[in-house]
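> what's the 3D shape of this:
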Amino acid sequence: MTLRRFTSVDDLTEALGEPIGPGPWIAIGQERVDTFAACTGDDQWIHVDPDRAASGPYSSTIAHGYLTLSLLPRLGRDLYTLEFGTARINYGSNKVRFPAPVRTGTRVRAVAIPLALSTEGSRALLTVSWSVENEDGGKPALVAETLTAIML
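Down below sits the predicted model:
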């Protein structure tokens, strides 16, 4: 997959509705899950206790849904880059859902679709639809829309 480079508002506007990806797989190991749990205080056994989780509903520990959501910048950097403006700021998310678990020891990858771009003054607001795919197939691990403010 070739990294998609957007160099202007017009360049990005032309790509609205076009899927970008899927990108490369990234591993979701127990260490990443444990680090996220330590940072957020969400240390439920289903995330951090492999022995107990082995007999749980997913037969292993699983990543936090919010960990999967927080990986969008990492997953996205392999899909596209915005090479215009002075800064990019996370403005929020819409329609966030976690249809399937991400078992530790597996991999995920993403597809992004730029949906909308509006400009007002010295700011553009980009809406991107995301689907994060599990290595083990089936339903996506995450479907969401993100909003990014681009300072022009």
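> Please name every helix or strand in contact with the lengthiest strand in the chain.
Using DSSP state E, we find that the single longest strand of the chain is strand 106-120. Strand 106-120 sits against helix 9-14, strand 26-28, helix 72-76, strand 123-134, with contacts defined as 3 or more Cβ pairs under 8 Å, 6 or more residues apart in numbering; DSSP states H and E. All C-beta spots, glycine's among them, are computed from the backbone N, C-alpha and C.
> from the chain's centre, how far out does it sit?
For strand 106-120, the separation from the chain centroid amounts to 8 Å (computed by Cα atoms, centre = their mean, to the nearest Å).
> ok, now stretch 51-61?
The answer for stretch 51-61 is 24 Å, by Cα atoms, centre = their mean.
> again, but for stretch 2-15
19 Å.
> Return that stretch as PDB; C-alpha atoms alone will do.
Extracted in PDB, the C-alpha atoms of stretch 2-15 (Å, rounded to 0.1, in the frame of the first residue of the first chain):
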ATOM      1  CA  THR A   2       1.300   3.400  -1.000                       C
ATOM      2  CA  LEU A   3       1.100   6.200   1.600                       C
ATOM      3  CA  ARG A   4      -1.500   8.800   0.400                       C
ATOM      4  CA  ARG A   5      -0.200  12.300   0.600                       C
ATOM      5  CA  PHE A   6      -2.500  15.300   0.700                       C
ATOM      6  CA  THR A   7      -0.800  18.600   0.000                       C
ATOM      7  CA  SER A   8      -3.800  21.000   0.000                       C
ATOM      8  CA  VAL A   9      -7.500  21.400   0.900                       C
ATOM      9  CA  ASP A  10      -8.300  20.900  -2.700                       C
ATOM     10  CA  ASP A  11      -6.200  17.800  -3.000                       C
ATOM     11  CA  LEU A  12      -8.100  16.300   0.000                       C
ATOM     12  CA  THR A  13     -11.500  17.400  -1.200                       C
ATOM     13  CA  GLU A  14     -10.900  15.500  -4.400                       C
ATOM     14  CA  ALA A  15     -10.400  12.300  -2.400                       C
END
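> That concludes my questions; thank you for your assistance.
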